[in-house]
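Asks: here's my sequence, what's the structure:
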Amino acid sequence: MRKKIAGFLIGLALLGIAAMVFFYYFEITDDIKFIRPSREAMANQYLALDRWLASQGYKIRIENSGTAESLRDAAEGIIYIQTDLVKWNDELIKILNSKTYNGTHFILSLDSYWDLDDENPLVLYLKSFGIESGYDPENNYYNTSYDENSPVYGRNVFFNEPENAILILRDAGDYIRLVEFENGMGKITVSGRARFMTSSNLGNDANARLSWHLFSGADPRSVLFIRGVTRAEGIFGRIFRRGNFYIVIFSAIFLICIGFWTAIPVFGNVKDGEIRKGKMLSERFLAEGNFLKRYNALDVYRSAYFREIKRKLILNESRSGMNVKIPDDEIIKRAASVLAESPEISAGFSDAITALQKANPGKNDFKKSVIILKTILESL
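Replies: Numbering: from 1, shown residues only. Presented below is the predicted three-dimensional model:
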């Protein structure tokens, strides 16, 4: 019984020690892992808004640009238009006015320079409701970026105060950034680029409240976005977007030319014609020998062959227990004795050495001597 109690106490002590070690030397911390946004989220800056509206039962349609036919046939309750994607004319203005009067809600996201063209039909239409471009303050970006209670508006669009607006929103610098007015049973909301709708800003309460206000109460519950169809962007899209299009094209042409220049010699000539063949290896070898002969350097061949033949003779004789010291003048005799079984080779060996020792050996003598010496080395 005592042994069981002692064992229990020892186990309990070990467990306590392990708990203390774990408590003092191990710490449980949050592991924060950064996950890159999906390609769809990177391509569509309004993806969060689209999913939010879809979760509320809205049907969403996105178009690249707006035309008279597409606006006339649109049956959506809300039409969001990025104005620089539409070529405005009198016909489009009539359609806009008619659909608004009959209950459609238009949200116009103005281009940064919309007020510079007083002949633009859209500019004239908005001026008829008292909506005009206001004073552009200095550092307007900083006036609106650090106020959590103010939505994030477009940077360069400001308005004078209209008389008949049903909604006027100002930024932290007290500049008018969004105007909404009624026209018949519908209404028109005008602002700069709707940065408060983008996925990166929609998590802010002020941005979410303004976005929901603009899209709530649609009848039918459907939205047409004319903001351009976005596509997932790959590596080439990022390169072209940064203004390197011409550089990429020039580089591609240059690399193609380099590829042809390096690959064509491998696969042959491009066009048929006379093909100049290179010299045979034996002819090039003889040319090298003639070059050495011209500068009285044929001893290079002779000494090289002599050293290799002498090394092999010494190696053969050392294996048989013979004297391994071979004077240079004995090399021909020793080689002839070793190659006695091939009289033609042994006789030719002497002739080859004699040919190499000539001051001006002929072409045939030089060629023959080299072949014989090579054959002897292979035989040894």
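
Asks: could you use CA atoms for every contact and neighbour count after this?
Replies: Noted.

Asks: next helix or strand past the lowest-mean-pLDDT helix or strand in the chain?
Replies: Lowest on mean pLDDT, DSSP states H and E among the helices and strands of the chain sits helix 140-145, with a mean of 48. Downstream of helix 140-145, the first helix or strand assigned by DSSP states H and E is strand 167-170.

Asks: can you list the buried residues in that next one?
Replies: Within strand 167-170, the residues scored as buried using 16 or more other C-alpha atoms under 10 Å are Ile168, Arg170.

Asks: quick one: mean pLDDT for that strand?
Replies: Across strand 167-170, the average pLDDT comes to 91.

Asks: what's downstream of it, the next helix or strand?
Replies: Following strand 167-170 toward the C-terminus (DSSP H and E): strand 176-183.

Asks: which SSE is immediately downstream of that next one?
Replies: strand 186-191.

Asks: which residues sit against that next one?
Replies: Among residues not part of strand 186-191, those counted as contacts by C-alpha atoms under 8 Å, 6 or more residues apart in numbering are 99-110, 153-154, 157, 177-182, 214.

Asks: parallel or antiparallel, list what pairs with it.
Replies: Strand 186-191 has its sheet partners listed here by DSSP bridges as strand 105-109 (parallel), strand 176-183 (antiparallel).

Asks: can I get the CA coordinates of the first one in CSV?
Replies: The C-alpha atoms that make up strand 105-109 are tabulated as CSV, following Å, rounded to 0.1, in the frame of the first residue of the first chain:
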residue,chain,number,x,y,z
HIS,A,105,-32.9,56.2,-59.2
PHE,A,106,-29.7,57.3,-61.0
ILE,A,107,-26.4,57.5,-59.2
LEU,A,108,-23.9,59.5,-61.2
SER,A,109,-20.3,59.1,-60.4
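
Asks: quick one: average pLDDT of that strand?
Replies: For strand 105-109, the per-residue pLDDT averages 94.

Asks: just checking, what packs against the helix or strand following it?
Replies: Next helix or strand after strand 105-109 toward the C-terminus (DSSP H and E): helix 121-127. Secondary-structure packing of helix 121-127 (3 or more C-alpha pairs under 8 Å, 6 or more residues apart in numbering; DSSP states H and E): helix 90-101.

Asks: counting contacts, what elements does the helix it packs on pack onto?
Replies: Against helix 90-101 (3+ C-alpha pairs under 8 Å, 6+ apart) you get helix 68-73, helix 121-127, strand 176-183, strand 186-191.

Asks: can you get me the start-to-end distance on stretch 154-171?
Replies: Chord length of stretch 154-171, first to last residue, is 11 Å (C-alpha to C-alpha, to the nearest Å).

Asks: please identify the buried residues of that stretch?
Replies: Applying a neighbour-count criterion of 16+ other C-alpha under 10 Å, one finds Gly154, Arg155, Asn156, Val157, Phe158, Phe159, Glu161, Pro162, Ala165, Ile168, Arg170, Asp171 buried in stretch 154-171.
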